[in-house]
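J.: No letters, just coordinates:
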């Protein structure tokens, strides 16, 4: 749970603000899970439903998309880059992590008896094509930057330690609301 604490904190920090008309995350799965997964958000102010965010804090970036917000079971993907420095290609190392699930939630991935989440870092990469930010305005604490990010991702093999099952993600793309909380309150 300690390893996911910063990730869970970042998820709780997302605010609704002026955002792109349409945020999307799409990717293909092969292996134990198969097929295309697409997440689309038209209204960030909706009280339930899908959520998509690209959130940076203290050099760490999390790209996330879930069909159901909170601990409601659904599909989701999380990509954590430990040392984010703007638009570039990031080949995952030991501190980076990817999670994907079809019938779960990110908190479930931290449980020792988890059988729903696939995770790993080896063979994963994220390309951030754009990362455009400006001051967040009155809906955000002073120092928070808000904008849009686009990019792509792939993971050759993610696994579930309890089942031994594996899944690969390919041709992933994202367009999301970007937030940088590094300077919040400064």
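T.: Arrived safely, thanks for sending. Computed from a predicted structure; not experimentally measured.
J.: Contacts only, for residue 115.
T.: Listed by Cβ atoms under 8 Å, 6 or more residues apart in numbering, the contact set of residue 115 reads 160, 162, 163. For glycine as for every other residue, the C-beta is placed from the backbone atoms N, C-alpha and C.
J.: Mind listing the residues bridging to the most centrally placed residue in the chain?
T.: Nearest to the geometric centre of the chain sits residue 64, at 1.8 Å (Cα atoms, centre = their mean). Using DSSP bridges, the bridge partners assigned to residue 64 are residue 53, residue 78.
J.: Roughly how far does it sit from residue 50?
T.: Distance from residue 64 to residue 50, counting by Cβ to Cβ, to the nearest Å: 11 Å.
J.: lowest-pLDDT helix or strand in the protein?
T.: helix 5-12 (a mean of 38; mean pLDDT, DSSP states H and E).
J.: After that one, which helix or strand is next?
T.: Elements were assigned by DSSP states H and E; along the chain past helix 5-12, the next helix or strand is strand 23-31.
J.: Run through the neighbouring helices and strands of that next one.
T.: Contacts defined by 3 or more Cβ pairs under 8 Å, 6 or more residues apart in numbering; DSSP states H and E place strand 23-31 against strand 35-41, strand 51-57, strand 166-180.
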